[in-house]
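> Got a predicted model here, sequence first, then my questions.
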Amino acid sequence: MLLAACVLFAGCEKVVIDDESEPDEPQGNVVLRVSGIEQMTGTVRNAVNIADVCSRLTFTVYKDGGRVININQKKAKDDFGEVNLTLEEGDYEVLIIGHSGLGSANPDTRDPTDVQFSNLTDSGGGTGYSDTFYFFGNLSVGAGQTSQSYLLKRASAMFRLVTTDAMPSTVRQIWFYIEGACKGFDATKGVGVYKAREKPIPMYYDLDSSYDGKPLQIDVFAFICPEASNIKITVRALSAANSLGERDILYEREFEKVSMQRNTITQYTGALFGTNSKEPDTPDDPQTPDDPQTPDNPQTPDNPQTPDSPDSPDSPDNPDNPDTPDIPDTPDIPDSPDVPDTPDTPDTPSGKSDGSILVDTDWLTTNNYTF
């Protein structure tokens, strides 16, 4: 049976329904359903079973700037992705949020320009935000039956850490601190909500012995705002807690000027556990993520061509034709180091969210960097 909600208006009073139960009420005059995911490229992924994309949905209806309906759903319900409402004739606004947060992670949708998520624990930690989708638009209700289907857009950006070295058995937690990302999301504009002096967003993943001796792939999600010109991400690998609950920082990396965008994967691949010192060794220029390209400098050795004596080392190749040294351009093949993307085989602690994440091809693009 479809979830039914009845709304009555008495003067300026607004009635808010926020219930995950299924009241035994007759069907209303308005049906809202999620039919799929719209990608920024303009193509559509037909997600008939929305449970393949996320584990929670929130339907919110606004009238004259106030919230009049708020319904939260979990994918365990047969009618997940569809609600049946009773609304008076008039013009409304609809907000739909899809995500896979843990615990009591339903978003606060009282203000569509600043949707807040409770995915973080009170102590400041937690698995952070999940992959999140949204729709915001107008709804006109007439005298007859109204039925609307909506395509959701991705709200989040992803930072993916892929380690090329194996996790030591001494590591039991990985922490991420994202400075410059946003805690709130403006569904009316599709961007994060910028707040000056926002504290870094912390999130962590517990790792048991099943990850020992293996490379890792960890995906974390964030909301990005246009003002976020310098995103800084600190990654820390911590030990198991002692009897006092304290943990030691075993390894740490800092990545500055990280380029993150909505619907885009930003992947950093490299050795995390090779040193326990801070190494802000990140590609400051997004245009030069593949360090191996810098070896193009070998072209400058064209200067030594004037002194024939230094060119003599090239004689084994073809001393008669000094132009041939340009062939070293072929070392551009070192771009292949991006192949460390193959460590996708590593176990991914990101599976802690209780929903499934879309495959990489469902994202607009992936930007690869090495460290």
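Ah, there it is.
> what about the stretch 101-250 of the chain, any weak spots by pLDDT?
Within the stretch 101-250 of the chain, the ranges that satisfy pLDDT under 70 run 103-104, 119-127.
> what are the ranges of the strands in it?
Counting by DSSP state E, counting those that start in this stretch, the segments of the stretch 101-250 of the chain that form strands are 115-116, 133-141, 146-154, 157-163, 173-179, 184-186, 191-193, 201-206, 217-222, 231-238, 249-258.
> Present those strands as TSV; the columns should include distance to residue 86 and mean neighbour count.
In short, each C-beta sits where N, CA and C put it, glycine included. Shown next, in TSV, are the strands of the stretch 101-250 of the chain (distance: least, C-beta to C-beta, whole Å; neighbours: other C-beta atoms under 10 Å):
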stretch	distance to residue 86	mean neighbour count
strand 115-116	25	20
strand 133-141	10	18
strand 146-154	11	17
strand 157-163	38	24
strand 173-179	42	20
strand 184-186	29	23
strand 191-193	32	21
strand 201-206	39	20
strand 217-222	35	24
strand 231-238	45	21
strand 249-258	47	19
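> Present those as CSV; the columns should include distance to residue 91.
As requested, the strands of the stretch 101-250 of the chain are exported to CSV (distance: least, C-beta to C-beta, whole Å):
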stretch, distance to residue 91
strand 115-116, 21
strand 133-141, 6
strand 146-154, 12
strand 157-163, 33
strand 173-179, 38
strand 184-186, 21
strand 191-193, 25
strand 201-206, 36
strand 217-222, 33
strand 231-238, 38
strand 249-258, 41
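> Out of those, flag the one nearest residue 38.
Among the strands of the stretch 101-250 of the chain, the nearest to residue 38 by C-beta to C-beta is strand 146-154 (3.9 Å).
> domain parsing for this protein?
Domain segmentation of the chain under automatic domain parsing yields 4-154, 157-289+334-370.
> Now do the helix or strand harbouring residue 367 against strand 157-163: the angle between them, please.
Following DSSP states H and E, one finds residue 367 within strand 365-370. With axes from the mean of the first three to the mean of the last three C-alpha atoms, to 10 degrees applied, the angle from strand 365-370 to strand 157-163 works out at 40 degrees.
> Tell me which other helices or strands strand 365-370 touches.
strand 264-270 (3 or more C-beta pairs under 8 Å, 6 or more residues apart in numbering; DSSP states H and E).
> The strand it packs on packs against which elements?
By 3+ C-beta pairs under 8 Å, 6+ apart, strand 264-270 packs against strand 157-163, strand 365-370.
> now that strand: mean pLDDT?
The average pLDDT for strand 264-270 rounds to 96.
> Direction included, what does it pair up with?
Strand 264-270 sits in its sheet next to strand 157-163 (parallel), strand 365-370 (parallel), going by DSSP bridges.
> Reformat those strands as JSON lines; add distance to residue 202.
Output for the strands paired with strand 264-270, formatted as JSON lines (distance: least, C-beta to C-beta, whole Å):
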{"stretch": "strand 157-163", "distance to residue 202": "14"}
{"stretch": "strand 365-370", "distance to residue 202": "22"}
